[in-house]
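Q: Generate coordinates for the sequence data below:
(4 chains)
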There are 2 protein chains.
Amino acid sequence: MGLTNSILAGFQSKGYRLTASRKAIVRIFLNSKAPLSAVELNSRLKKIDVIVNKTTVYREIDFLKSQKVIRELPFGDGKKRYEKWPDNHHHHLVCISCDSIECIELTGCLEKEEKKIMKENNFKTIKHSLEFQGLCAKCQ
Amino acid sequence: MGLTNSILAGFQSKGYRLTASRKAIVRIFLNSKAPLSAVELNSRLKKIDVIVNKTTVYREIDFLKSQKVIRELPFGDGKKRYEKWPDNHHHHLVCISCDSIECIELTGCLEKEEKKIMKENNFKTIKHSLEFQGLCAKCQ
DNA sequence: CTATTAATGCAACTTACTTGCAATTGCAAC
DNA sequence: GTTGCAATTGCAAGTAAGTTGCATTAATAG
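A: Down below sits the predicted model:
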């Protein structure tokens, strides 16, 4: 049983229903390498002939977020973007020219730094975001 | 001559005009410790009885951005926020409960990491953002 | 098959931001 | 001080992302 199916089975066991849009959206997020905005998700659904109202798309995103299947990423363009909940914490290279997004991993130095800062500032971190904006190989 | 005035004098020498709203907005950004959204800026203007149309606020933000007096920060809440162009690069602690923002500085480990990543990915960075979201001392 | 209630669609609304255009105004030259 | 140019502004209307209330539909348990 694939990851998509095991997530869907988990939903069902909790009393949530397996609708066509839910199945399609989970599958899209799990197979997408790049983070998706609500609008991008909607157009991917159209491509595979799953016609869903935008309200449903937003509600499904909220649902998947609450179920920790996806997480929200903070980019600076006024659009919220989401990606499948990462097993490994990582960050992004966002090309300001072609909008492409690559995932990268960092070494441990940031975590140390983070702990220190949190202690000094008496701040309890829920999440952090580190995103690089610039030009990808193609666009330089 | 203060920083605000020298910036304003610079505008004038380039043929831009010193209007009441421009003067007030530059002063607000230079004196604000926390980054401001367009809406927040507008309400600060109201407080000091400088009544400006929101269109003007957005246009002035664009202008100050193009003049590198302020820069845009990437937060994930659907609102663009701006702060005075920083002499020293720094990052932010954003409280998800009360929306307060604190500025922090990091040690050099991130820069090293950044150079490595850029080389490996053949990516040319324009800027990076590192923001921590969580709960401030008051809100815990 | 039926009942329950999760999920959906629709329309109207909100918020952040933008655009076109006519009116205003800073300021430099006279 | 008056004049003229173009930078700046306000207004109204528009766009795009996201939200809400409510009536309807449909997935699933019994």
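
Q: Strands of chain A, residue ranges please.
A: Using DSSP state E, the strands of chain A run over residues A:36-37, A:70-73, A:81-84, A:91-95, A:101-104, A:124-135.

Q: would you list those in a markdown table and tack on mean pLDDT?
A: Shown next, in a markdown table, are the strands of chain A (pLDDT from 0 to 100):
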| stretch | mean pLDDT |
| --- | --- |
| strand A:36-37 | 93 |
| strand A:70-73 | 87 |
| strand A:81-84 | 90 |
| strand A:91-95 | 74 |
| strand A:101-104 | 77 |
| strand A:124-135 | 73 |
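
Q: closest to DNA strand D out of those strands?
A: strand A:36-37 (5.5 Å; C-beta to the nearest atom of the strand). Every residue, glycine included, has its C-beta placed from N, CA and C.

Q: can you list the domain ranges for chain A.
A: Taking automatic domain parsing as the criterion, chain A consists of the domains A:3-84, A:91-134.

Q: Does the shortest one reach DNA strand D?
A: No - between domain A:91-134 and DNA strand D, judged by C-beta under 7 Å from any atom of the strand, nothing touches; the nearest distance is 12.4 Å.

Q: Do that domain and chain B come into contact?
A: Yes - Domain A:91-134 is in contact with chain B by C-beta under 8 Å from any C-beta of the partner chain, via A:93, A:95-96, A:102, A:104, A:106-107, A:109-110, A:112-114, A:117-118, A:121-134.

Q: Which PyMOL command selects the buried ones in the residues you listed?
A: Applying 16 or more other C-beta atoms under 10 Å in any protein chain shown to these, the buried members can be selected in PyMOL as follows:
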select buried, chain A and resi 93+95+102+104+106+110+113+114+117+118+121+123+128+129+130+131+132+133+134
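
Q: tell me the mean pLDDT over stretch A:57-64?
A: Over the span of stretch A:57-64, the pLDDT mean works out to 97.

Q: returning to what we had before: any chance of the domains of chain A in TSV with distance to B:K14 as columns?
A: As requested, the domains of chain A are exported to TSV (distance: least, C-beta to C-beta, whole Å):
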stretch	distance to B:K14
domain A:3-84	28
domain A:91-134	26
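
Q: With B:A9 as the reference, name the closest of the ones you listed.
A: domain A:3-84 (30.9 Å; C-beta to C-beta).

Q: Count the residues that sit near the residue lying closest to A:K124 once chain neighbours are set aside.
A: Using C-beta to C-beta, 6 or more residues apart in numbering or on different chains and skipping the chain neighbours, the partner closest in space to A:K124 is B:L135 (4.4 Å). The tally of other residues near B:L135 (other C-beta atoms under 10 Å in any protein chain shown) stands at 17.

Q: next one: A:A137
A: Using other C-beta under 10 Å, A:A137 is surrounded by 12 other residues.

Q: likewise the one 3 residues further on?
A: Other residues within reach of A:Q140, judged by other C-beta under 10 Å, total 11.

Q: And for A:I7?
A: Around A:I7 there are 21 residues (other C-beta under 10 Å).

Q: My read is that it contacts A:F29, right?
A: No - checked against C-beta atoms under 8 Å, the pair A:I7 and A:F29 is beyond contact range at 9.6 Å.
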